[in-house]
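**Student:** no sequence for this one, just the structure:
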Ligand SMILES: Nc1ncnc2c1ncn2[C@@H]1O[C@H](COP(=O)(O)OP(=O)(O)OP(=O)(O)O)[C@@H](O)[C@H]1O
Ligand SMILES: O=C(O)[C@H](O)COP(=O)(O)O
């Protein structure tokens with residue numbers, strides 16, 4: 001990376017504004033998955049050990065510029081306090097005289113957390129005034145919010161116009177892992193793309209066709225490709241307006257000698273319901289009125305064989321409607337194949353990361369990204385504004 005990182009700056013006694021992605025899922029006010037908090041700890045601990053005065057900032061949810069009590073970051077401050085064994089002081093606001101006072105009275109190694117930056121409308125507008133106010137709180141800006149690096153907001157990008165801006169350890173690790181997988185992979189490189197729709201991942205597929213040896217397509221989006229091959233998909237989710245594009249992507253792959261693997265069989269259900277009657281059928285024999293909800297057992301085996309032989313594997317998106325237990329087998333068998341492979345396995349965030357967690361296989365993956373949208377934009381080959389804004393080496 002050609003950007004300054006934490007190790008390049010002197011931190012002792014400095015006030016450091018650290019943008020994290022603490023946008024964690026909540027249920028009844030309780031954190032249900034703390035992967036992003038865990039991912040932030042190395043940077044927080046390093047800053048404490050190096051006697052910085054730490055001002056943490058993050059968004060939580062989408063309060064759209066208004067104060068929403070249920071989206072307060074207090075619950076996150078409490079959890080980090082437990083994890084680091086030292087109180088994280090919770091600020092009453094994002095920006096106010098009280099907040100400035102709190103920041104100015106931090107001791108070396110002390111940590112505070114600002115309130116949800118999206119309580120202010122200027123955050124998502126990347127407002128220059130708010131960016132300046134963030135910068136005025138500190139001497140150095142550290143961006144460690146990989147999950148929000150695809151957003152050009154006041155606390156992820158704007159602030160970097162006013163003070164020295166360096167990458168935190170999580171951003172550095174994410175860029176190294178994802179970058180190595182797609183730009184300098186050990187081969188064969190296999191990408192597995194799933195999820196609901198082709199339209200969400202056109203950019204990813206186009207970019208990966210340039211790089212991979214094999215592209216496995218599963219989940220709802222495989223239906224559009226199968227339809228493009230001329231199969232009748234019954235009531236399955238098919239994007240009619242993307243059938244021509246799917247044909248074109250398959251042609252591009254053939255021209256580049258990249259193999260596109262589609263599921264040779266499918267689990268089909270009579271209704272979009274976990275309890276509905278279901279059966280496994282070859283991909284060209286979806287019964288009239290039925291819908292594909294998962295890949296079949298033969299497809300799962302074929303995909304697994306290719307995955308376990310790969311040296312590098314990138315996975316984004318489930319193979320079926322994995323939220324419903326009866327339609328989750330295909331997704332779990334892909335997760336197991338990644339765990340079994342001796343190659344480097346990288347899981348893009350969001351649903352695939354949740355599936356790996358649910359299968360209890362997280363520890364066996366090379367890297368699970370903390371970014372959903374951000375990891376997708378990275379896989380599309382796009383520049384991430386939160387990284388772009390950092391100070392050059
Ligand atoms: N055959 C199918 N028919 C309908 N929906 C499907 C099918 N296969 C998968 N899905 C749905 O696709 C959704 C996940 O798609 P998405 O593109 O959001 O995945 P993702 O990229 O892993 O998630 P995120 O966007 O959170 O990172 C799941 O809710 C799943 O139920
Ligand atoms: O969860 C995410 O993908 C990030 O925290 C970004 O959130 P956003 O999509 O609301 O900008």
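**Tutor:** Arrived safely. All figures in this text were calculated on a predicted structure; none of them were measured in a lab. Numbers count the residues shown, from 1 in each chain. Ligands and ions are numbered 1, 2, ... in the order given.
**Student:** and the helix or strand of the chain with the lowest mean pLDDT, is it in reach of ligand 1?
**Tutor:** Lowest by mean pLDDT, DSSP states H and E among the helices and strands of the chain is helix 351-358, with a mean of 89. Yes - counting by C-beta under 6 Å from any ligand atom, contacts between helix 351-358 and ligand 1 involve 351, 352. For glycine as for every other residue, the C-beta is placed from the backbone atoms N, C-alpha and C.
**Student:** and the helix or strand hosting residue 178, how far from the chain's centre?
**Tutor:** In the assignment (DSSP states H and E), residue 178 maps to helix 169-183. The chain centre lies 12 Å from the centre of helix 169-183; the measure is C-alpha atoms, centre = their mean, to the nearest Å.
**Student:** now do the end-to-end distance for stretch 365-379.
**Tutor:** Length of stretch 365-379, first residue to last, C-alpha to C-alpha, to the nearest Å: 18 Å.
**Student:** run through who's touching it.
**Tutor:** 21, 35-36, 39, 146-150, 170, 173-175, 177-178, 182, 200-201, 203-204, 207-208, 314, 316, 338-339, 343-350, 353, 356, 362, 384 (C-beta atoms under 8 Å, 6 or more residues apart in numbering).
**Student:** which of these are close to ligand 2?
**Tutor:** 21, 147, 148.
**Student:** got the contact list for the first one?
**Tutor:** Okay, so that is residue 21. 36, 40, 58, 59, 144, 145, 146, 147, 148, 370, 371.
**Student:** quick check: closest non-adjacent residue to it.
**Tutor:** Nearest residue to residue 21 in three dimensions, chain neighbours excluded: residue 147, at 3.6 Å (C-beta to C-beta, 6 or more residues apart in numbering).
**Student:** what do you get for the last one?
**Tutor:** In space, and not counting its chain neighbours, residue 148 is closest to residue 21: 4.8 Å by C-beta to C-beta, 6+ apart.
**Student:** next one, pLDDT for that neighbour please.
**Tutor:** Looking at residue 21, its pLDDT stands at 98.
**Student:** residue 187 too?
**Tutor:** The predicted local confidence for residue 187 is 96.
**Student:** burial count for the one residue in the chain that gets nearest to ligand 2?
**Tutor:** Proximity of the chain to ligand 2 (C-beta to the nearest ligand atom) peaks at residue 23, 3.4 Å away. By other C-beta atoms under 10 Å, 22 other residues sit near residue 23.
**Student:** what about the stretch 201-350 of the chain, any weak spots by pLDDT?
**Tutor:** Nowhere does the stretch 201-350 of the chain drop to pLDDT under 70.
**Student:** follow-up on the earlier one: next, the residue nearest to residue 148: phi, psi?
**Tutor:** The phi/psi pair for residue 21 (degrees, to the nearest 10) reads phi -110, psi 90.
**Student:** again with residue 202
**Tutor:** Backbone phi and psi, for residue 202 under degrees, to the nearest 10, turn out to be phi -60, psi -50.
**Student:** and the stretch 51-200 of the chain, which of its residues are near ligand 2?
**Tutor:** Checking the stretch 51-200 of the chain against ligand 2 by C-beta under 6 Å from any ligand atom, the hits are 62, 147, 148, 151.
**Student:** distance check, the second one against ligand 1.
**Tutor:** Shown here: residue 147 relative to ligand 1, a distance of 10 Å by C-beta to the nearest ligand atom, to the nearest Å.
**Student:** try residue 290
**Tutor:** 12 Å.
**Student:** assign the residue nearest to that residue when sequence neighbours are not counted to helix, strand or coil.
**Tutor:** Nearest residue to residue 290 in three dimensions, chain neighbours excluded: residue 268, at 4.3 Å (C-beta to C-beta, 6+ apart). Using DSSP: H, G, I helix; E, B strand; the rest coil, the structure places residue 268 in strand.
**Student:** so residue 268 makes contact with residue 289?
**Tutor:** No - applying C-beta atoms under 8 Å as the test, residue 268 and residue 289 come out as separate, 9.8 Å apart.
**Student:** sheet-wise, list the partners of the helix or strand following the helix holding residue 178 with their directions.
**Tutor:** Next along the chain after helix 169-183, taking DSSP H and E as the criterion, comes strand 189-193. Taking DSSP bridges as the criterion, strand 189-193 forms sheet pairs with strand 214-217 (parallel), strand 312-316 (parallel).
**Student:** the last one near ligand 1 anywhere?
**Tutor:** So the one you mean is strand 312-316. Yes - part of strand 312-316 sits near ligand 1 under the criterion C-beta under 6 Å from any ligand atom, namely residue 316.
**Student:** what's the separation between the residue lying closest to residue 243 once chain neighbours are set aside and residue 146?
**Tutor:** Leaving aside its chain neighbours, residue 243 sits nearest to residue 228 (4.8 Å; criterion: C-beta to C-beta, 6+ apart). The spacing between residue 228 and residue 146, counted by C-beta to C-beta, to the nearest Å, is 34 Å.
**Student:** ok, those two, which is more surrounded?
**Tutor:** Neighbour comparison, residue 228 and residue 146: the larger count goes to residue 146, with 31 against 20 (by other C-beta under 10 Å).
**Student:** ok, that one - contacts?
**Tutor:** Shown in contact with residue 146 (C-beta under 8 Å, 6+ apart): 21, 39, 170, 171, 174, 175, 369, 370, 371, 374, 386.
**Student:** list the contacts of the closest residue to it other than its chain neighbours.
**Tutor:** Counting by C-beta to C-beta, 6+ apart, residue 146 lies nearest to residue 174, which is 4.3 Å off, once chain neighbours are set aside. Neighbour list for residue 174: 146, 367, 369, 370, 371, 375, 378 [criterion: C-beta under 8 Å, 6+ apart].
**Student:** give me the neighbour count for the nearest residue to residue 140 once chain neighbours are set aside.
**Tutor:** Leaving out its chain neighbours, the residue that sits closest to residue 140 by C-beta to C-beta, 6+ apart is residue 16, at 4.9 Å. Counted with other C-beta under 10 Å, the neighbours of residue 16 add up to 26.
**Student:** A helix includes residue 16, no?
**Tutor:** No - looking at residue 16 with three-state DSSP, it is strand, so not inside a helix.
**Student:** residue contacts, it?
**Tutor:** 47, 52, 53, 54, 55, 138, 139, 140, 141, 142 are the contacts of residue 16 under C-beta under 8 Å, 6+ apart.
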